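Q: any chance you can model this:
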Amino acid sequence: MELTGVSDYLADAVLVFAYGQGRAVLDANVARVISRYFGLREHTEARRDKRVRKLADDLVDQDRPRDYNFAILDLAASVCTPLNPKHDGCPLRRTCAVSLKSRHESLVKRTKSVDGHLDHSTRAPSHVRTAT
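A: Numbers count the residues shown, from 1 in each chain. A predicted model of the protein is given here:
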C-alpha cells in the first residue's frame, strides 16, 4: 500500500494494530534488536536494510502480530537499548549473537593470567564471531 506523505513505519503500524496484518512494524529500535540478535552490522539506516526487513517480517507471529510487535518494541525500549543493553535481563540472551559475544569477551577478560596472556581453555561458541 502506498500513501503519499505516510511513512512505511506508520503504514505498517496501522496495518498491524488496526487490521491485524502479519507484518513487522520496523523502526530504528526494532532494527537494532534484529541486527544485534543476528549479529549484523548496526547502522543508522538499518530499518531500510532489505535483509533486516526480511528477517523482521519472517519473525512475526502470524497468529498474533499485534502481540509480537508490541513485545519487540517493548524489548527494544527497555532491554535492548542503544547504550548499555541489559544482557542479563534479556529473554533472548542465550541465542543472541551480541549477548553471546559480550559474555565471551567478559569471560576472556576474567581469565587472563597474571602476566596478561589469555587462558586459551576458554573459547567462544562456534557460531559467535570474535575479534582475532
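Q: C-alpha from now on. contacts and neighbour counts both.
A: Noted.
Q: helices and strands around the host helix or strand of residue 71, which ones?
A: Using DSSP states H and E, residue 71 sits within helix 65-78. The contact analysis (3 or more CA pairs under 8 Å, 6 or more residues apart in numbering; DSSP states H and E) places helix 65-78 against helix 8-17, helix 28-38.
Q: of the ones you listed, which approaches residue 53 most closely?
A: With CA to CA as the measure, helix 28-38 is the member of the helices and strands packed on helix 65-78 nearest residue 53 (8.0 Å).
Q: the closest one: what's the following helix or strand?
A: Counting by DSSP H and E, what follows helix 28-38 is helix 50-59.
Q: now do the buried residues in that next one.
A: 52, 53, 56, 57 (16 or more other CA atoms under 10 Å).
Q: these two touch, right, the last one and residue 24?
A: So that's residue 57. Yes: contact criterion CA atoms under 8 Å: residue 57 and residue 24 qualify, at 5.0 Å.
Q: show me what contacts residue 62?
A: 21, 22, 23 (CA atoms under 8 Å, 6 or more residues apart in numbering).
Q: I am finished for the moment; much appreciated.
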